[in-house]
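Undergrad: no sequence on this one, just coordinates:
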């Protein structure tokens with residue numbers, strides 16, 4: 001099979017790889033669409049998951065929809081249902097693979113399992129013609145969710161986790177730092193959850209315009225406007241109840257304290273790949289809270305329901321759809337440009353028909 005394999009820091013290749021064998025509790029999947037995520041770029045260019053060790057060959061990718069190609073003889077039903085997984089089903093996959101037996105897993109906090117694995121980070125992922133996954137991490141896609149939308153269930157689930165960690169209450173004023181696809185999804189989830197005021201900070205004009213189209217009350221260019229002043233003006237000099245940081249860099253992380261009100265809550269949703277300096281004294285004075293939001297923990301069913309009900313447009317930030325053979329070039333483009341929206345890899349021409357250009 002064809003697959004995109006990371007072969008070193010900043011180096012990837014389209015290779016011929018063996019089709020994975022399907023274990024007794026696994027399913028073998030044929031991907032339909034795969035999203036390119038910042039995590040993929042961190043894996044490729046910053047060795048996420050491989051820090052401190054020699055980078056090892058790895059088939060990349062973790063956001064995807066797929067068709068079930070083979071079912072292990074002991075594979076069970078879909079999570080939380082009595083419906084058996086069968087060949088030909090359309091599915092999406094929770095790529096984080098928890099151990100299931102540690103204290104965190106037993107408390108439902110699978111996303112902070114200390115023994116977790118992860119498709120496309122620690123083990124082979126979905127940028128391939130086939131991928132093997134444990135059957136208990138597979139979710140069926142309803143007919144009302146398209147193949148392309150199914151590939152974006154995972155990032156939408158992450159966005160739901162951001163809002164869960166924010167403890168948003170109806171009427172809250174929310175500032176979102178970063179208008180990439182995940183920030184746009186978080187914004188839509190906040191609106192669906194009853195936020196009273198949504199302010200998005202984003203330097204790229206077309207992303208600000210998209211945010212306003214989707215329901216943001218204000219979209220501010222932090223490069224040309226005083227973001228702190230504007231936020232305090234828009235909140236009646238109170239500050240935001242919630243700040244969600246979706247970038248993971250020094251400038252936006254350190255800015256949170258100046259945007260949130262006393263007693264407010266900040267969510268670190270972006271992955272800071274470099275050390276960050278921060279003044280915590282204002283947090284102490286104002287009893288502000290800062291929490292992190294990592295990946296997902298059982299938010300997939302809710303994400304699918306939000307899509308079914310039309311409450312979130314996951315494809316709104318879509319920039320391009322490319323074949324697998326152009327996936328490496330697409331990652332290079334995404335890494336080098338802050339202007340681009342979401343890029344998705346299409347594995348097939350039509351369902352069941354392999355893309356001959358792969």
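TA: Everything's here; your move. A quick note: this is a predicted structure, and the numbers were derived from the prediction, not measured.

Undergrad: okay, which residue is most central for this structure?
TA: Nearest to the mean C-alpha position of the chain, counting by CA atoms, centre = their mean, stands residue 155 at 2.8 Å.

Undergrad: let me know the secondary structure of that one.
TA: Three-state assignment for residue 155 (DSSP: H, G, I helix; E, B strand; the rest coil): helix.

Undergrad: relative to residue 36, how far out is it?
TA: Distance from residue 155 to residue 36, counting by CB to CB, to the nearest Å: 11 Å. (Glycine included, C-beta is placed from N, CA and C.)

Undergrad: who touches the residue nearest to the centre of the chain in this structure?
TA: Counting by CB atoms under 8 Å, 6 or more residues apart in numbering, residue 155 makes contact with 35, 37, 63, 181, 182, 185, 314.

Undergrad: low-confidence bits of the stretch 251-358 of the chain, can you list those?
TA: Within the stretch 251-358 of the chain, the segments meeting pLDDT under 70 span 349-358.

Undergrad: any common contacting residues for residue 155 and residue 36?
TA: Both residue 155 and residue 36 are in contact with residue 63, where contact means CB under 8 Å, 6+ apart.

Undergrad: hang on, residue 23 packs against residue 133?
TA: No. Here residue 23 lies out of contact with residue 133, judged by CB atoms under 8 Å, at a distance of 10.1 Å.

Undergrad: and these two? which has more neighbours close in?
TA: Set residue 23 next to residue 133 and count neighbours by other CB atoms under 10 Å: residue 133 wins out with 24 against 15.

Undergrad: if I look at residue 134, how far off is residue 288?
TA: 39 Å.

Undergrad: show me where the stretch 201-350 of the chain has its helices.
TA: 205-213, 227-234, 250-259, 281-285, 300-308, 327-336 (DSSP state H, counting those that start in this stretch).

Undergrad: out of the ones you listed, nearest to residue 15?
TA: When the helices of the stretch 201-350 of the chain are compared by CB to CB, helix 327-336 sits nearest residue 15, at 10.8 Å.

Undergrad: just the buried positions in that closest one, please.
TA: Within helix 327-336, the residues scored as buried using 16 or more other CB atoms under 10 Å are 327, 328, 330, 331, 333, 334, 335.

Undergrad: what bridges to residue 291?
TA: Judged by DSSP bridges, the bridge partners of residue 291 are residue 267.

Undergrad: is it true that it touches residue 266?
TA: Yes. Applying CB under 8 Å as the test, residue 291 and residue 266 come out as touching, 7.4 Å apart.

Undergrad: which one's more surrounded, these two?
TA: It is residue 266, of residue 291 and residue 266, that has more neighbours when counted by other CB under 10 Å, with 26 against 13.

Undergrad: how near is that one to residue 239?
TA: According to CB to CB, residue 266 and residue 239 sit 11 Å apart.

Undergrad: determine the number of other residues adjacent to residue 274.
TA: 8.

Undergrad: which non-adjacent residue is nearest residue 308?
TA: Excluding its sequence neighbours, the residue lying closest to residue 308 (CB to CB, 6 or more residues apart in numbering) is residue 144, at 5.1 Å.

Undergrad: just checking, that neighbour touches residue 309?
TA: No. The criterion here is CB under 8 Å, and residue 144 misses it with residue 309 at 9.3 Å.

Undergrad: quick one: contacts for the residue nearest to residue 190 when sequence neighbours are not counted?
TA: Nearest non-adjacent residue to residue 190, counting by CB to CB, 6+ apart: residue 174, 5.0 Å away. When contacts are counted by CB under 8 Å, 6+ apart, residue 174 is found next to 166, 168, 190, 195, 197, 198, 199, 240, 241, 242, 243, 244.
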